[in-house]
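Engineer: Provided below are the primary sequence and the corresponding predicted coordinates.
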Amino acid sequence: QPAPPEPPSPGMCVCPWQVCGAWVWILVAATSVSFPLLQGWVMYVSLTSCLLSLLLFLSHFFGFRRNSENWRVLDSLYHGATAILYMSAAVLQANATIRSEADPSSLPRYQLNTAASFFAFLTTFLYILHAFSIYYH
C-alpha cells in the first residue's frame, strides 16, 4: 500500500509576501525614486527578499527540505530576519512618504509612496506571521 502524501507545509504558502513585496518594489520604482538614499534601501530589500523567497520556495518545491532536519529552523530564521529588514524598509518608505507630502505639486508621487508604505508594512506583518507560524507549528 503506498504511503499517504504528506500534507503541505506552511512553507508552501509564499505567495502573499512575494506578491506584496513585488508591489512595494513596483510602487517605489514608479515614484521615480525621489529620495535615493531612503528608497534605494526599500527597493533593495523588496527585490532581494522576493528573489530569496522564490529560491526558498523552489528548494522546498523540489524536495530539498527532505534532506535537511533543520528546515523549519532555517525557514523561521529566514522569515524572521527578512521581517526585520522589511520593518526598516517600511519605516524608511514611510519617511519618504512624509517628505513627499511637503511638495503639493507631486500628488501622484505622494499617493504612490503612500501605497508603497502600506504594502511595506503589510509585507512586514506577513513575514512576521509566517516566521512565528513555522516556529510554533
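Structural biologist: Nice, I can see it.
Engineer: Contacts only, for the most centrally placed residue in the chain.
Structural biologist: Within the chain, one residue has its C-alpha closest to the average C-alpha position: by Cα atoms, centre = their mean, that is Gly21, at 4.3 Å. Taking Cβ atoms under 8 Å, 6 or more residues apart in numbering, we find Gly21 in contact with 46, 49-50, 53, 86, 119, 123. Quick note: C-beta positions are derived from backbone N, CA and C, even for glycine.
Engineer: show me where pLDDT drops low in the protein?
Structural biologist: When residues are selected by pLDDT under 70, those of the chain lie in 1-15, 67-69, 137.
Engineer: Which residue ranges of it form helices?
Structural biologist: 15-30, 36-61, 71-101, 107-136 (DSSP state H).
Engineer: now the last one, how far from the centre of its chain.
Structural biologist: Think helix 107-136. Distance of helix 107-136 from its chain centroid, counting by Cα atoms, centre = their mean, to the nearest Å, is 7 Å.
Engineer: Give the buried residues for it.
Structural biologist: Using 16 or more other Cβ atoms under 10 Å as the burial criterion, the residues of helix 107-136 that qualify are 109-110, 112-128, 130-131, 134.
Engineer: and that helix with helix 36-61, angle?
Structural biologist: For helix 107-136 against helix 36-61, the angle by axes from the mean of the first three to the mean of the last three Cα atoms, to 10 degrees is 40 degrees.
Engineer: Over to the longest one?
Structural biologist: If you take the same axes, to 10 degrees, helix 71-101 sits at 150 degrees to helix 36-61.
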